[in-house]
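# Let's see this in three dimensions:
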Amino acid sequence: MSPEVDLLPALRRYWGYESFRPLQEKIVRSLLSGRDACVVMPTGGGKSLCYQLPAAMLGEKTVIVVSPLIALMQDQVAQLTQMGIPAALLNSAVTADEQREIMRNAREGKYRLLYLSPERLAVESTVKWLQQVPVSFFAIDEAHCISEWGHEFRPDYRQLNKLRLNFPKCAIAAFTASATQRVRHDIIDQLKLRAPDKYIASFHRPNLRYVVKQCDSLTQDELLVAALRGYSGSNVIVYSPTVKQVGWTVAQLEAQGIPAIGYHGQMDSDTRRRNQERWMSDEVRVLVGTIAFGLGINKAAVRAVIHLSLPKSIEQYYQEAGRAGRDGLPADCILLWQKRDAGLLAHFIGQLKDKAEIERAWERYHTIRDFVESTECRHRQICEHFGENPKWTTCSACDACGYKVEALTARPVLKKPAKRVRRPKRSPTLEKHVVPVSLRVQAQLPTVPVRVSGGLFEHLREWRLNKSKELRIPAYIVMNDLTLDDLCQKRPGTLAELRRVFGFGERKTEMYGGEILDLLKQFQGGARVEQTSPKISEPSATKVTSKVRREGGSWWGSRSG
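Now for the predicted structure:
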């Protein structure tokens, strides 16, 4: 395909976006021209679009996406199907008959994208079958997993070094959100990339405000409750170190009148998915989870991510904290750590056997300890860790540079739970570390400030929830919050006007356009969608977003110094 081809028609047709985010267009053109690529784009940068758009445009050929998580593959296939882009996945959840049909369709070139796990790609029979598929290129998601220096090394990813031998004519593109310079070099070496185009986006997320506090167990409870009361009506993720701690924290928050829901890897898959969907649909605003949560979620309006323990690395913290503020609006990343967290990390390092692995683990340990104990700008520390050299020395957006969260200065009186629950000990029983998967992001965000909609946002949100239940897909796949916000702002009256709403491509307009226009007319006449989920506490999502946009900051944080 000619490198000069106009990409915007396809971007508008499938995604409903009017422009690209930084680096996206260059990456797409590299892949369309058949070049290898190494892409490091932080959470919130829009990596998935970079390989999905070329796939949609190449026609009769298939992009093979290597992804480590079934849930992520399922959601991305559902999203692509909603956009009218043929896609499929092969994993253990697919029946034998379905697998045979998918494999037959793939040989005939019927899919633009096909998702596989690294484990399946390591099977010889899979390789032989793929050699009969018209593959355009391979997209390796979470590519840092191939490097022993990566914070989430997975031996199965090492098998991907055979791709170049088995598919010598196919380009390979590696994507990751958090790779240091050493890891980037290792990715290129392991995958045998040929003179790859390298795209390294800035690691600076200026809308995020980092706040780090050392505390003990009592003050940690008080600070958590104070922060969550300050974020009333907003979406928050609380990261807890263990499965037992998740349950305890949810119970304690409920006792303080703060509705919360849990998420961890020991839950059965149906419960995990139901809890995630309740949070995604705003039925419950606070989700307490282990590191298993956040894998592939697509929720832009998260106003805070709160950690209740010391992460094992800067990379892990950067990925998890980066799930806040993906809508580009101000968001807080609060780390409440205790000295015993460091002891627990050291204990786990002591269980390792491989000398090289021990060395890498201690290096990560000292780096995260330096980060939390330092008084230097936290944004700058993160950028420098990933090999970026900022020209500024202070940011005004972290505690080291004078930013304060007013709610954290309060000492709330905690209510005694009706039934006492014993606090779990922080013993060495942490949940097995699951590879965090980068969040799927949108292209250019709407630039028009959202106005208070008089209940329209909630009206549309309830319709979205009902539609998601009808179609049996997550609500955010039907429509994300940014699209709902833009609908509230523009209130289209025709299909042509609806196409100008952020996120409405051809297929989505075709699927939902008539219903949306009827819904807007009915709302104008006083009708309301029957509420099927608990009433959201005020302020509503639209009011919160509007207030933040107007004031250019949080509704209770402040800067000083």
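# quick one, helices of the stretch 451-561 of the chain?
Taking DSSP state H, counting those that start in this stretch as the test, the helices found in the stretch 451-561 of the chain are 456-471, 475-478, 481-490, 495-498, 506-524, 541-551.
# Find the residue ranges of the chain scoring beneath the pLDDT cut-off.
Residue ranges of the chain with pLDDT under 70: 1-3, 295-296, 298, 410-454, 529-561.
# Break it down into its domains, please.
Using automatic domain parsing, the domain parsing of the chain gives 8-200, 208-409, 456-548.
# Check the offset of the first one from the chain's centre.
This points to domain 8-200. How far domain 8-200 lies from its chain's middle: 17 Å, per CA atoms, centre = their mean, to the nearest Å.
# Could you tell me the end-to-end distance of that domain?
23 Å (CA to CA, to the nearest Å).
# Dihedrals phi and psi, I334?
Main-chain torsions, I334, degrees, to the nearest 10: phi -110, psi 130.
# Run a quick neighbour tally on it.
By other CB atoms under 10 Å, 25 other residues sit near I334. For the C-beta atoms, the positions are set from N, CA and C on the backbone; glycine is no exception.
# distance of the nearest residue to R507 once chain neighbours are set aside from R112?
Using CB to CB, 6 or more residues apart in numbering and skipping residues adjacent in sequence, the residue nearest R507 is G84, 3.5 Å away. Distance, G84 to R112, by CB to CB, to the nearest Å: 10 Å.
# Looking at these two, which is more packed in?
R112 (23 against 16).
# residue contacts, that one?
Counting by CB atoms under 8 Å, 6 or more residues apart in numbering, R112 touches A55, A56, L58, G59, K61, T62, V63, L80, I85, P86, A87.
# Provide a list of residues in contact with the residue nearest to it when sequence neighbours are not counted.
Computed as CB to CB, 6+ apart, the closest residue to R112 that is not its neighbour in sequence is A55, at 4.4 Å. Contacts of A55 were listed using CB under 8 Å, 6+ apart, and they are T62, V63, I85, R112, L113, S136.
# ditto for D399
With CB under 8 Å, 6+ apart, D399 has these contacts: Y210, V211, V212, K213, R378.
# repeat for H307
Y239, Y317, E320, A321, C333, I334, L335, L336, W337.
# what's the burial count for the closest residue to V501 other than its chain neighbours?
In this structure, V501 finds its nearest non-sequential neighbour in D486, 5.0 Å apart by CB to CB, 6+ apart. D486: 21 surrounding residues under other CB under 10 Å.
# Test my guess that the residue nearest to R507 contacts W15.
No: using CB atoms under 8 Å, G84 is not in contact with W15, being 10.8 Å away.
# shared neighbours of those two, anything?
Common neighbours of G84 and W15 (CB under 8 Å, 6+ apart) are G505.
# quick one: strands adjacent to the helix or strand hosting Y115?
Assigned by DSSP states H and E, Y115 belongs to strand 113-116. Strands adjacent to strand 113-116 in the sheet, as given by DSSP bridges, are strand 62-66 (parallel), strand 87-89 (parallel).
# what would these look like in JSON lines with distance to L193 and mean neighbour count?
JSON lines is the format used below for the strands paired with strand 113-116 (distance: least, CB to CB, whole Å; neighbours: other CB atoms under 10 Å):
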{"stretch": "strand 62-66", "distance to L193": "14", "mean neighbour count": "25"}
{"stretch": "strand 87-89", "distance to L193": "25", "mean neighbour count": "23"}
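# Specify the stretch among these that is closest to D518.
Among the strands paired with strand 113-116, strand 87-89 comes nearest to D518, with 29.7 Å by CB to CB.
# Outside of that closest one itself, list whatever touches it.
So strand 87-89 is contacted by 70, 73-74, 76-77, 80-81, 102, 105-106, 111-116 (CB under 8 Å, 6+ apart).
# For stretch 35-48, measure first residue to last.
With CA to CA, one end of stretch 35-48 sits 17 Å from the other.
# Likewise for stretch 286-302?
Note: stretch 286-302 ends 10 Å apart using CA to CA.
# 741 is where my numbering starts, stick with that
Will do, 741 is the new start, and the previous item becomes stretch 1026-1042.
# chain center to it: distance?
7 Å.
# One more: stretch 943-962?
20 Å.
# List phi and psi for I977.
Dihedral angles (degrees, to the nearest 10) for I977: phi -110, psi 130.
# residues in contact with D881?
Counted by CB under 8 Å, 6+ apart, D881 has contacts K787, S788, V805, V806, S807, P808, L812, F915, V1177, S1178.
# Repeat that for L963.
With CB under 8 Å, 6+ apart, L963 has these contacts: K953, C955, L1076, L1148.
# For the second one, grab the count of nearby residues.
With neighbours defined by other CB under 10 Å, the count for C955 comes to 17.
# what do you get for the first one?
K953 sits with 15 neighbouring residues when counted by other CB under 10 Å.
# how far away is it from L1075?
On the measure of CB to CB, K953 and L1075 end up 7 Å apart.
# circling back to that earlier point, what does the strand holding Y855 rub up against?
791-792, 795, 802-807, 813, 816-817, 820, 825-831, 842, 846, 866, 873.
# Likewise for stretch 1242-1252?
In contact with stretch 1242-1252 (CB under 8 Å, 6+ apart) are residues 752-757, 822-824, 1182, 1185-1186, 1207, 1218-1220, 1222-1223, 1226, 1235, 1238-1239, 1253.
# Does V1145 touch V952 like I think?
No: using CB under 8 Å, V1145 is not in contact with V952; the gap is 11.2 Å.
# Could you pull out the residues contacting both of the two?
I1074.
# Just the helices from the stretch 741-890 of the chain, written as ranges.
Under DSSP H, counting those that start in this stretch, the stretch 741-890 of the chain gives helices at 748-750, 764-772, 787-798, 810-823, 836-847, 858-861, 864-870.
# Mind checking these for the one nearest to S972?
helix 810-823 (28.9 Å).
# show me the contacts for H1004.
Neighbours of H1004 in contact, by CB under 8 Å, 6+ apart: V983, V986, R1012, G1029, T1030, A1032, F1033, E1171.
# all strands for the stretch 841-990 of the chain, in order.
853-856, 875-880, 911-916, 937-940, 948-954, 975-979 (DSSP state E, counting those that start in this stretch).
# Dump those into JSON lines; add distance to Q992 as well.
JSON lines is the format used below for the strands of the stretch 841-990 of the chain (distance: least, CB to CB, whole Å):
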{"stretch": "strand 853-856", "distance to Q992": "39"}
{"stretch": "strand 875-880", "distance to Q992": "41"}
{"stretch": "strand 911-916", "distance to Q992": "36"}
{"stretch": "strand 937-940", "distance to Q992": "42"}
{"stretch": "strand 948-954", "distance to Q992": "18"}
{"stretch": "strand 975-979", "distance to Q992": "11"}
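# quick one on the thing from earlier: just the buried residues out of the contacts of stretch 1242-1252, in PyMOL syntax.
Of the contacts of stretch 1242-1252, the buried ones go into a single PyMOL selection, burial set by 16 or more other CB atoms under 10 Å:
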select buried, resi 752+753+754+755+756+757+822+823+824+1182+1185+1186+1207+1218+1219+1220+1222+1223+1226+1238+1239+1253
